[in-house]
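1. everything below, folded, please.
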Amino acid sequence: MSLRCTTRGHAVEFAVKVVPGAARDRICGLLGDSLKVQVSAPPEGGAANARLCELLAAALQLPARSITVAAGTSSPRKVVCALGIDAATLRQRLGLG
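-> Take a look at the predicted model:
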């Protein structure tokens, strides 16, 4: 299975399963057609969402402001929007082929 991406103008949206409060920050790989990501930040006050965006921005070689949570801000299953990248480049930079 591969990461399901949707192109919206100059942005790509993709599903993420976030595990907050982990021992360390890391991108685990695919979980079905979603990206599984562990973050050490707690789920309170948007800290896990902020850390998720920072981690993905670094992995995708994008400015932090280019990554936003488009849906699911209070859920472990989110839709993330990456501005300024195409789906093929996103998959490649995440090591997903």
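2. in this protein, where's the longest helix?
-> helix 47-60 (DSSP state H).
3. from the chain's centroid, how far away is it?
-> In terms of Cα atoms, centre = their mean, to the nearest Å, the gap separating the centre of helix 47-60 from the centre of its chain is 7 Å.
4. and for stretch 29-38?
-> On Cα atoms, centre = their mean, the centre of stretch 29-38 falls 9 Å from that of its chain.
5. what is the mean pLDDT for that stretch?
-> Throughout stretch 29-38, pLDDT has a mean value of 96.
6. now it: buried residues?
-> Within stretch 29-38, the residues scored as buried using 16 or more other Cβ atoms under 10 Å are Leu31, Ser34, Leu35, Lys36, Val37, Gln38. Where C-beta positions appear, they are placed from N, C-alpha and C, glycine not excepted.
7. how about stretch 53-61?
-> Those buried within stretch 53-61 under the rule 16+ other Cβ under 10 Å are Cys53, Leu55, Leu56, Ala57, Ala59, Leu60.
8. would you map the strands across this structure?
-> For the chain, strands defined by DSSP state E occupy the ranges 5-8, 11-19, 26-31, 34-38, 67-71, 77-83.
9. so what strands line up beside the shortest one?
-> Neighbouring strands of strand 5-8 in its sheet, by DSSP bridges, are strand 11-19 (antiparallel).
10. specify the angle between the partner strand and strand 67-71 in degrees.
-> Here strand 11-19 runs at an angle of 80 degrees relative to strand 67-71 (axes from the mean of the first three to the mean of the last three Cα atoms, to 10 degrees).
11. okay, angle between strand 11-19 and strand 26-31 too, please.
-> 100 degrees.
12. how much does strand 11-19 deviate in direction from strand 34-38?
-> 50 degrees.
13. just the CA atoms of strand 11-19, as PDB, please.
-> Output of strand 11-19 as PDB, limited to C-alpha atoms (Å, rounded to 0.1, in the frame of the first residue of the first chain):
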ATOM      1  CA  ALA A  11      -0.200  21.800  -1.900                       C
ATOM      2  CA  VAL A  12      -0.600  18.100  -1.100                       C
ATOM      3  CA  GLU A  13      -2.900  16.700   1.600                       C
ATOM      4  CA  PHE A  14      -2.200  13.300   3.100                       C
ATOM      5  CA  ALA A  15      -3.400  11.300   6.100                       C
ATOM      6  CA  VAL A  16      -1.300  11.000   9.300                       C
ATOM      7  CA  LYS A  17      -1.800   8.800  12.400                       C
ATOM      8  CA  VAL A  18      -0.100  10.600  15.300                       C
ATOM      9  CA  VAL A  19       1.000   8.900  18.500                       C
END
